[in-house]
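Peer 1: need a structure here:
(3 chains)
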Amino acid sequence: MVNNEDSVISLRGVAKHFGAVRAVDDVSFEIRRGEFFSLLGPSGCGKTTLLRLLAGFDFPTQGEILIDGQPMSSVPPYKRPTNTVFQSYAIFPHLSVAENIGYGLRKKGLSKRELAESVHQALEQMKLAGYGSRAAHQLSGGHRQRVALARALVCRPKVLLLDEPLGALDRKLREAMQIELRQLQRSVGITFVFVTHDQEEALSLSDRIAVMSKGRVLQIDSAARLYEVPNCRLVADFIGSMNFFDGSIKCVDNGHVIVDVGPAGSLCVPKIQKNVELGAEVTVAVRPEKVHIEWRAPKPKGNAIVGRIADESYLGDRSHYYVEVPGMIRRVCVAHQNAERFRRSIESHGRQVWLTWSTESAVLLPRE
Amino acid sequence: MKRAMHLNLLGVYAIFIVALLYGPVLLLPMFSFNDSIYIAFPLKGFTTKWYQEMATNSALLAALMNSLKVGIGVAIVSTVLGLTAAKAVIRHRLPGKTQIVGMIMLPLLLPSLFLGIALLIILRKVFSVDLSLWTIGAGHVLICMPFSMLILIARLEGFDKSLEEASLDLGENAWGTFWHVTFPLALPGVISSLLLSFTTSLDEFVIAFFLGGNDTTLPLFIWSQLRFPAKLPGVLALGSCILVLSIVIVVLAEVVRRRGVQSSKPTVF
Amino acid sequence: MASVTGGPLVGHARSRPLSQRFRALLLRSEALRGYILLTPTLLVMFLLLVVPLCGMIAFSFFTQVYFDIDFTLTLKNYWSIIKPGAGNTYLGIPFPFETPVYTILLVKSLLMSLVATSVIVLMAYPMAYFIAFRATNHKFLWLVLITVPLWTSYLLRVFAWKVILGHNGVLNSGLISIGVIEEPLGFLLYNPAAVIITLTHAWLAFAILPIYVSLEKIDRSLLEAATDLGDSKLIRFLRVTLPLSLPGVISSALMVFIPTVGDYVTPAQVGGTSGIMIGTIIQRQFGAANNWPLGSALSIFMMLAVTAIVCLFLWGVGNDRIKARGA
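Peer 2: Next comes the predicted model:
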């Protein structure tokens, strides 16, 4: 277990059931002080429920949550050192912007002047100066989001909980806000727990990400490790795109595993797991951008698979080639960077190609 | 061309229905200014004497005071009960919610004669309570509460639960959250519920008839006057006043309620 | 891991005083908080609805002996309603009971209510249709216009019809003064027709709203789809609009039918002796006749009959729908 000094939130066997539905199912992990932590998963995976358990709007059916070392089992939301930015922003429609931001400060025993000063500072910090007297309904989506952030941050929480705060914004604004959010988190030094279903958002913002599915946490890691070394097929599939080759383990030598993938041949994968059994059903996963297309048979080094190009799609910065490999149901996807402008379009359809990648770019996953 | 005619036909029909709804009722104010003891054409002449007579009728004024007392009490009680029930039903996951709401709505469906009799039996023969304004009030709460709850459910559904959660999150406890967030946002519904409960009680006759005992409300007073032809013009004047009051209150309540619904809609999304 | 999760928490809770444990429970259980919020309302409903209804049912098994109540449980009241005897005929139907007046009045009330309900729903539908589909610019105004009469005094609306239909009333005097008739028409007031007219007027506004709501809920793209698939306007109405608005029609019909069967204000004011309904005779048991147990039995008898008809109606509608789906 992680050193408690280091962690601001600990979840220990936390579960939340709604009737027969297990929204959160036996989740245990730690969130470190000052990190930008994301909960990533498709809708209905339990990430928002988990956030609500942290905020205190719901209480776990089983297990225990500690925030800053304190058990939260009977602490109501208004006594927790957390504040929340809601998906809908939840800006009080009957209050002005300044009243919204000052809402959480009224209970802190500040004088009128101190309160006004804090609100003013928060408005400045969030680039909302001059908006203080506006009514909530006069704000644009971007501004509502800033008000929601300012209102939560002005209370100086130990943990800021964000429930898909960028979901309602259009793409350009969302990208701008991502950068701003990251800078903000660094400057205030508060732990952010960020819920999102957008993998790119999670990858670009987070120090660490917990990938969730069906109420369970599948993997917690940095963005790079999640992408490069996923621990299961669901994670590999959810983040980015991935080619999978099902097979069984043929032999294990020092540091590598050879997997027999049927008609496609056998593939060599680095051995990262401790226990690897001969004959075990496994899956080899390779990212499309790590696969190279060779137009001629390569010299026998590393992995090579023969197939025919079935389709091509142009995506601007890159093109995807879909290669049909005998014995495989799914086509293998190969991403090719379009480094040159108007690159000669390969008269490719139906052409036989060889797919290669370096042994180190493949990942061995348990079969599901 | 054909479409335009179709539209016109329905439009004419709609105007006919509105005329039908209002026409007979509007005869009451018209004849209340007629200088004749008979409610018949041709109209004789304009007079306000029926209204003057009304203002000096002590029995009528007593009934008016009774009606106001009951109406205000009923409005407050049924709105408070309706608001707590609406909040429980809308903001909490409750097992058995549908059945509970169904039971609270039941008095809307039952004939008021049936409710009046049931209450009369229990009050008189089981609890031996003397009939009074209090018993009328109890009966009126029974029929007003479902309306209050319906209005307030619609109102609470009109704004997001996350507003209340945000308040809790920012350090207000449940009580503070209710007064700083829920109540101000539900206010249009609360006002509407108060006004409509008040008019319902003001106009209700059947339950008051069974549960009134010796106490008289305005509808009971009107009922007692209907037997005497000579009193009819006075009843018309009184009825007209009640009618105008009811209409003003109801229009006010509707405007408040629907305005409230509109203003809470977020403009951005 | 598992031992860490459950163990200390329970021990912790046990050592705390009861009030704190209750507060913790309250905090953790959303449903408990909900029920506590509901308690006052449910208590009031229990005291004002459940207890009185039970009392009424109990009373219907007692008997009135002059000025006292005999508390022995008996079916005598119900028996007196349906006890066979020489009977009478009404509308050509024989009612072979010792006191046929109860059953006759019940059947008559049900019939009058059914007629009024049918007329009301037929009149309300086009109005609701108009507001939902045609009154695009002034919808709010139209809605207020039909909502206002709902809240005005029922007694006054009934009274207005008495004034209109009376012997020397508005209609007769109006017709005489413009020379259409010379003598007042005697058949206007104090008959079942007058009751039905008054009921129709008094309940019409009630019936418009549920139909309007169900029409308003219909997704407009469904209508466009029907047109797109080749339905004419009439066919589209019959195949899409009408079936989809049926729930509104049903709830309107029930909202009008159930309360009107038990009405006694209207028959008392405009019904005369021929327009008397079951409500009148029930009310009489609590007034001049002073037989509360019989009155209770009659009320329950009436509600049972109403419930039976409503169930039959709903079953019929449900059946129809299943048939329609099968076809």
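Peer 1: which elements pack onto the helix or strand hosting residue A:162?
Peer 2: Assigning secondary structure by DSSP states H and E places residue A:162 in strand A:159-163. Contact here means 3 or more C-beta pairs under 8 Å, 6 or more residues apart in numbering or on different chains; DSSP states H and E; on that basis strand A:159-163 packs against helix A:47-55, strand A:82-85, strand A:191-196. Using the backbone N, CA and C atoms, a C-beta is placed for each residue, glycine as well.
Peer 1: most tightly packed of the ones you listed?
Peer 2: Neighbour counts (mean count of other C-beta atoms under 10 Å in any protein chain shown) averaged over each of the helices and strands packed on strand A:159-163 peak at strand A:82-85, with a mean of 28.
Peer 1: pLDDT averaged over it - what is it?
Peer 2: Model confidence over strand A:82-85, given as mean pLDDT, is 94.
Peer 1: spell out which parts of the stretch 201-327 of chain C neighbour chain B.
Peer 2: Contact residues, the stretch 201-327 of chain C versus chain B (C-beta under 8 Å from any C-beta of the partner chain): C:201, C:204-205, C:208, C:254-255, C:258-265, C:269, C:279, C:282-283, C:286, C:292, C:295-296, C:299, C:302-303.
Peer 1: list buried residues within those residues.
Peer 2: Restricting those to buried positions leaves C:201, C:204-205, C:208, C:254-255, C:258-265, C:269, C:279, C:282-283, C:286, C:292, C:295-296, C:299, C:302-303, with burial counted as 16 or more other C-beta atoms under 10 Å in any protein chain shown.
Peer 1: does residue A:230 count as helix, strand or coil?
Peer 2: coil (DSSP: H, G, I helix; E, B strand; the rest coil).
Peer 1: re earlier: please flag which of the residues of the stretch 201-327 of chain C next to chain B sit within helices.
Peer 2: Using DSSP state H, the members of those that fall within helices are C:201, C:204-205, C:208, C:254-255, C:258-261, C:265, C:279, C:282-283, C:286, C:292, C:295-296, C:299, C:302-303.
Peer 1: which SSE is residue A:27 in?
Peer 2: Using DSSP H and E, residue A:27 sits within strand A:21-32.
Peer 1: wait, I meant residue A:306
Peer 2: For residue A:306, the enclosing helix or strand under DSSP H and E is strand A:303-314.
Peer 1: mind listing what's buried along that strand?
Peer 2: For strand A:303-314, the buried set under the neighbour-count rule, 16+ other C-beta under 10 Å, comprises A:303-307, A:309, A:312.
Peer 1: returning to what we had before: residue C:78 is nearest to which of the helices and strands packed on strand A:159-163?
Peer 2: Using C-beta to C-beta as the measure, helix A:47-55 is the one of the helices and strands packed on strand A:159-163 that comes nearest residue C:78, at 55.9 Å.
Peer 1: and whichever helix or strand comes after the closest one, C-alpha only, in PDB?
Peer 2: Following the chain from helix A:47-55 toward its C-terminal end, the next helix or strand by DSSP H and E is strand A:62-67. Listed next in PDB are the C-alpha coordinates belonging to strand A:62-67 (Å, rounded to 0.1, in the frame of the first residue of the first chain):
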ATOM      1  CA  GLN A  62     -19.400  -1.300   1.400                       C
ATOM      2  CA  GLY A  63     -15.800  -0.200   2.100                       C
ATOM      3  CA  GLU A  64     -14.300   3.000   3.400                       C
ATOM      4  CA  ILE A  65     -13.100   6.300   1.900                       C
ATOM      5  CA  LEU A  66     -10.400   8.300   3.700                       C
ATOM      6  CA  ILE A  67      -9.800  11.900   2.700                       C
END
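Peer 1: tell me which other helices or strands strand A:62-67 touches.
Peer 2: Contacts defined by 3+ C-beta pairs under 8 Å, 6+ apart place strand A:62-67 against strand A:7-18, strand A:21-32, helix A:47-55, helix C:2-15.
Peer 1: and those as CSV, adding distance to residue A:103 and mean pLDDT?
Peer 2: As requested, the helices and strands packed on strand A:62-67 are exported to CSV (distance: least, C-beta to C-beta, whole Å; pLDDT from 0 to 100):
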stretch, distance to residue A:103, mean pLDDT
strand A:7-18, 24, 93
strand A:21-32, 26, 93
helix A:47-55, 16, 94
helix C:2-15, 32, 43
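Peer 1: wait, residue A:160 sits on residue A:154?
Peer 2: No: under the criterion of C-beta atoms under 8 Å, residue A:160 lies out of contact with residue A:154, with a separation of 11.2 Å.
Peer 1: longest helix anywhere in chain A?
Peer 2: Criterion DSSP H: the longest helix present in chain A is helix A:171-188.
Peer 1: what is the burial count for residue B:92?
Peer 2: Other residues near residue B:92 come to 19 when the count uses other C-beta atoms under 10 Å in any protein chain shown.
Peer 1: for residue B:94, see how far away the closest residue to it other than its chain neighbours is.
Peer 2: Across the structure, with C-beta to C-beta, 6 or more residues apart in numbering or on different chains as the measure, the residue nearest residue B:92 apart from its sequence neighbours is residue C:34 (3.0 Å). In this structure, residue C:34 and residue B:94 are 5 Å apart, going by C-beta to C-beta, to the nearest Å.
Peer 1: hey, what's in contact with both of the two?
Peer 2: residue B:88 (C-beta atoms under 8 Å, 6 or more residues apart in numbering or on different chains).
Peer 1: so where's the chain shaky on pLDDT?
Peer 2: Picked chain A for this. Filtered on pLDDT under 70, chain A yields the residue ranges A:1-5, A:300-302, A:342-348.
Peer 1: the chain in question should be chain C.
Peer 2: The low-confidence ranges in chain C, as defined by pLDDT under 70, are C:1-16, C:319-327.
Peer 1: how about whichever strand or helix holds residue C:118: buried residues?
Peer 2: When secondary structure is defined using DSSP H and E, the element that contains residue C:118 is helix C:101-129. Residues of helix C:101-129 classed as buried by neighbour count (16+ other C-beta under 10 Å): C:102-110, C:112-117, C:119-121, C:123-129.
Peer 1: pLDDT averaged over the particular helix or strand that has residue B:222 in it - what is it?
Peer 2: Using DSSP H and E, residue B:222 sits in helix B:218-225. Helix B:218-225 shows a mean pLDDT of 90 in the predicted model.
Peer 1: next, see if it gets close to chain C.
Peer 2: Yes: residues of helix B:218-225 are located near chain C by C-beta under 8 Å from any C-beta, namely B:219, B:222-223.
Peer 1: among those, which one sits closest to chain C?
Peer 2: Distance from chain C was checked for each of the residues of helix B:218-225 next to chain C by C-beta to the nearest C-beta. The minimum falls on residue B:219, at 5.1 Å.
Peer 1: and chain A, which of its residues are near chain C?
Peer 2: Contact residues, chain A versus chain C (C-beta under 8 Å from any C-beta): A:12-13, A:28, A:58-59, A:62-64, A:71, A:73-74, A:76.
Peer 1: tell me who's in contact with residue 72.
Peer 2: Went with chain A since none was named. If a contact means C-beta under 8 Å, 6+ apart, then residue A:72 has A:56, A:64-66, A:80 as its contacts.
Peer 1: not quite, I wanted chain C
Peer 2: By C-beta under 8 Å, 6+ apart, the residues touching residue C:72 are C:62-63.
Peer 1: residue A:260 too?
Peer 2: For residue A:260, the contact set (C-beta under 8 Å, 6+ apart) comprises A:247-250, A:266.
Peer 1: go on, residue C:109?
Peer 2: Contact criterion C-beta under 8 Å, 6+ apart gives C:261-262, C:277-279, C:302 as the residues in contact with residue C:109.
Peer 1: out of these, which comes closest to chain B?
Peer 2: Nearest to chain B among those: residue C:262, at 3.0 Å, using C-beta to the nearest C-beta.
Peer 1: the closest one is in contact with residue B:109, isn't it?
Peer 2: No: taking contact to mean C-beta under 8 Å, the distance of 11.1 Å between residue C:262 and residue B:109 leaves them out of contact.
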